[in-house]
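>>> please find the sequence and the predicted model below.
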Amino acid sequence: MNHPYTFDPLPEPAAAPGEFSFAAVGLDHGHIYGMADGLIGAGATAKWVFDADADKAASFAKRYPTARVASSEQQILDDPEVRLVATAAIPSERAAVALRAIEAGKDAFVDKAPLTSFEQLAAAREATARTGRKYAVYYGERLHTESSILAGQLIERGAIGRVLQVVSFGPHRIGGGRPGWFYDPAQYGGILCDIGSHNFDQILFYTGATDGRIVSSTVANYAHPDTPGLQDFGDAHVVLDNGASGYVRVDWFTPEGLGVFGDGRTIILGTDGYIELRKYIDIGTENGGGQVLLVNQEGQYRFDANGMTGFPYFGQLIRDCLDGTENAMTQAHAFKAAELSLQAQTSAEVLAP
């Protein structure tokens, strides 16, 4: 069905060759590759990589040949050409890496969950306020999926009116070969802090809220008694400062029969319609992921977002670092999504298996 909407042009590279160099420090989560791909696609250059595991560093350097393997993190921090340090270290260690980068005069780009305690959050807020440096966060389920970006453009154009509620589902598959920290809540932060941070980011963004309070939250280990530190289920209900609300459900119960790691979906209710995102798969069809379904007063529409939006966040982040602007994501938003995640995690009722 034809639609009446026009969308933003695809993003152009935001930096000239050699204008913006970054380094990767801490490669414990594979998201570091998505972070690097996004930056390089927007014009950045990978100059250095460091990890205590030499094999991980070598693999990164093989994938990105401009990146040299550093002998230490300090070698990277001492390089004045490095503008930004990206990290996907163990979640509980990400804040320390980011804060060392900020104190060295660089911006930080941190995988989600960006931190795992209120103490780390306070330290990050203090450091960014004092230095003016950025503690940017890779909330990839919104920033690195075109369906999520297209939904934002539709909302901006008034396609569903005022957003009243966002319901965000983050199912995942455990698979095999997980490292020990994956099962230790002191290191991964708990399921609502870790996976759930993606969802709180989406709730704040689509509703346009700047604050909220957790009404209720739960976590559980329903089906993995051999790894008691794993939380395989979590959910939360949040009420936002502008009267909207949100619901989060995250879990590790994706069945083997699904063709992707998880059937991530987001449903956005507005006064004049609703949007459903089928981010990674459209089950029972050959459509693939990246599907955006819109129903409003004018009709019902389906968009295949693949190739429609690109990933403007990364170029905006590069320009923000170079120009001292704040267009990619406000620092307040990045921290508020993390804060709500921590509040949901620490107040959660633990359900019996």
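In hand now; what should we look at? Residues are numbered from 1 along each chain as shown.
>>> quick one: G190 and V219 touch, right?
Yes. The pair G190 and V219 passes the contact test of CB atoms under 8 Å, sitting 6.5 Å apart. Using the backbone N, CA and C atoms, a C-beta is placed for each residue, glycine as well.
>>> find the residues that touch each one of the two.
Jointly contacting G190 and V219 under the rule CB atoms under 8 Å, 6 or more residues apart in numbering are Q231, G234, Q345, A348.
>>> can you pull out the helices in the stretch 1-150 of the chain?
31-41, 54-63, 73-77, 91-103, 118-131, 140-143, 146-156 (DSSP state H, counting those that start in this stretch).
>>> where does the chain dip in pLDDT?
Counting by pLDDT under 70, the ranges of the chain that qualify are 1.
>>> give the contact list for the spatially most central residue of it.
Against the mean C-alpha coordinate of the chain, by CA atoms, centre = their mean, the closest residue is Y139 at 1.1 Å. Going by CB under 8 Å, 6+ apart, Y139 touches K112, S197, H198, D201, Q202, M329, A334, A337.
>>> the residue lying closest to it once chain neighbours are set aside: what's it in contact with?
In this structure, Y139 finds its nearest non-sequential neighbour in D201, 3.9 Å apart by CB to CB, 6 or more residues apart in numbering. D201 makes contacts with K112, V137, Y139, E141, R142, H333, A337, as judged by CB under 8 Å, 6+ apart.
>>> now do 10 Å
The contact partners of D201, by CB atoms under 10 Å, 6 or more residues apart in numbering, come to 112, 137, 139-143, 148, 168, 329, 333-334, 336-338, 340-341.
>>> which of these fall in strands?
Counted as lying in strands by DSSP state E, out of the contacts of D201, are V137, S168.
>>> coming back round to it: so which strand or helix has the residue nearest to Y139?
helix 196-207 (DSSP states H and E).
>>> which helix or strand lies directly C-terminal to that helix?
That would be, after helix 196-207 and using DSSP H and E, strand 212-220.
>>> gap between that following strand and the chain center?
20 Å (CA atoms, centre = their mean, to the nearest Å).
>>> that strand to helix 196-207, inter-axis angle?
On the basis of axes from the mean of the first three to the mean of the last three CA atoms, to 10 degrees, strand 212-220 is oriented at 150 degrees to helix 196-207.
>>> now do whichever helix or strand comes after strand 212-220: which elements does it pack against?
Once the chain leaves strand 212-220, the next helix or strand it forms, by DSSP H and E, is strand 233-240. Secondary-structure packing of strand 233-240 (3 or more CB pairs under 10 Å, 6 or more residues apart in numbering; DSSP states H and E): strand 163-171, helix 191-194, helix 196-207, strand 212-220, strand 245-251, helix 331-346, strand 349-351.
>>> what comes up buried for the helix or strand that comes right after the first one?
Past strand 163-171, further along toward the C-terminus, the next helix or strand under DSSP H and E is helix 185-188. By neighbour count, and taking 16 or more other CB atoms under 10 Å as the criterion, the buried residues in helix 185-188 are P185, Q187, Y188.
>>> do stretch 300-311 as well
Y301, F303, D304, A305, M308, T309, G310, F311.
>>> show me how far that stretch is from its chain's centre.
Put simply, stretch 300-311 sits 19 Å off its chain's centre (CA atoms, centre = their mean).
>>> just to revisit the earlier point, quick check: angle from the helix holding D201 to helix 91-103?
On the basis of the same axes, to 10 degrees, helix 196-207 is oriented at 60 degrees to helix 91-103.
>>> report the distance from helix 196-207 to the chain centre.
Using CA atoms, centre = their mean, the offset of helix 196-207 from its chain centre is 9 Å.
>>> what does stretch 96-104 give?
Remark: stretch 96-104 is offset 20 Å from the chain centroid, using CA atoms, centre = their mean.
>>> residues in contact with that stretch?
23, 25-26, 50, 73-74, 76-80, 82, 84-90, 106-110, 114-115, 120, 123-124, 126-128, 130-137.
>>> repeat that for 7 Å
25-26, 77, 85, 87, 89, 108, 110, 123-124, 127-128, 131, 133, 135 (CB atoms under 7 Å, 6 or more residues apart in numbering).
>>> out of those residues, which is most surrounded?
Ranked by the number of neighbours (other CB atoms under 10 Å), these place T87 first, at 32 neighbours.
>>> correct me, but that residue touches V25?
Yes. Proximity of T87 to V25 meets the contact threshold set by CB atoms under 7 Å, at 5.2 Å.
>>> pull the contacting residues for Q202.
With the criterion set at CB under 7 Å, 6+ apart, Q202 makes contact with E141, R142, V166, S168, T266.
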